[in-house]
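Asks: I would like the atomic coordinates for the input below:
(one chain, ligands or ions: 2)
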Amino acid sequence: MRRIALKVLDPRMSDYLPAYATRGSAGLDLRACIDAPVTLEPGATELIPTGLAIHIADPAYAAMILPRSGLGHKHGIVLGNLVGLIDSDYQGPLMVSVWNRGSEPFVLNPMERMAQLVVVPVQQVEFDIVKEFENSSRGTGGFGSTGRG
Ligand SMILES: O=c1ccn([C@H]2C[C@H](O)[C@@H](COP(=O)(O)OP(=O)(O)OP(=O)(O)O)O2)c(=O)[nH]1
Ligand SMILES: [Mg+2]
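Replies: Numbers count the residues shown, from 1 in each chain. Ligands and ions are numbered 1, 2, ... in the order given. Have a look, this model is predicted:
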């Protein structure tokens, strides 16, 4: 398994370090490092600290913050930025933009799992400037060009 440097910014998080729930888990749950419950009214977005920082260091990797499916589907708790992207050179506090897109207030409790972190491979690229592309079967067709259903 790849190892990534992690700083515990808030000592309370030492007891709640992100871990894979099962052997096959892709995501590491991120918890709300808050002192008191936060009520998210319908439509509200709050930037919630995780109390952690990571430094991925290798530009061939990044991390993505994704919603938890249960919170998103049942309670409308998703992310204000839809997906959070953590650069490999980022060393600041890991923050989660929690958005209540639902119709009921949602109370986020201290240390509650609010989102998940997925580490993914990244291919950085350089561009070759061209006037014409080589032919492809799709060409410029997109946005439904192959039809519906
Ligand atoms: O949900 C998120 C998204 C981002 N970040 C941190 C890590 C990331 O590396 C940095 C910058 O994110 P991004 O590039 O998506 O934001 P930006 O608005 O382009 O800011 P910047 O100008 O700092 O790149 O913010 C988080 O902690 N949580
Ligand atoms: Mg950026």
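Asks: ok, which stretches of this protein are strands?
Replies: Ranges of strands within the chain are 5-8, 28-31, 38-40, 45-55, 61-66, 77-79, 84-86, 93-100, 106-108, 113-121, based on DSSP state E.
Asks: Format those strands as a markdown table; extra columns: mean pLDDT.
Replies: Formatted as a markdown table, the strands of the chain follow (pLDDT from 0 to 100):
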| stretch | mean pLDDT |
| --- | --- |
| strand 5-8 | 98 |
| strand 28-31 | 98 |
| strand 38-40 | 98 |
| strand 45-55 | 98 |
| strand 61-66 | 98 |
| strand 77-79 | 98 |
| strand 84-86 | 98 |
| strand 93-100 | 98 |
| strand 106-108 | 98 |
| strand 113-121 | 98 |
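Asks: Which stretch among those approaches ligand 1 most closely?
Replies: Of all those, strand 84-86 sits nearest to ligand 1, with 2.2 Å by C-beta to the nearest ligand atom. All C-beta spots, glycine's among them, are computed from the backbone N, C-alpha and C.
Asks: Give me the contact list for that closest one.
Replies: Defining contact as C-beta atoms under 8 Å, 6 or more residues apart in numbering, one finds that strand 84-86 is touched by 54, 56, 62-66, 94-97, 115, 117.
Asks: Report the entries of those that also contact ligand 1.
Replies: Among the contacts of strand 84-86, the residues lying close to ligand 1 (C-beta under 6 Å from any ligand atom) are Ile65, Leu94, Met95, Val96, Ser97.
Asks: May I have the beta-bridge partners of the first one?
Replies: Counting by DSSP bridges, Ile65 is bridged to Gly84, Leu117.
Asks: Thr39: what's it in contact with?
Replies: When contacts are counted by C-beta under 8 Å, 6+ apart, Thr39 touches Pro105, Phe106, Val107, Leu108.
Asks: cutoff 7 Å now
Replies: By C-beta atoms under 7 Å, 6 or more residues apart in numbering, the contact set of Thr39 is Pro105, Val107.
Asks: cool, and the one 10 residues further on?
Replies: Contacts were defined as C-beta under 7 Å, 6+ apart; by that measure Pro49 touches Cys33, Pro93, Met95.
Asks: Tell me the residues of the chain that contact ligand 1?
Replies: Residues of the chain lying near ligand 1 by C-beta under 6 Å from any ligand atom: Ile65, Asn81, Gly84, Leu85, Ile86, Asp87, Tyr90, Leu94, Met95, Val96, Ser97.
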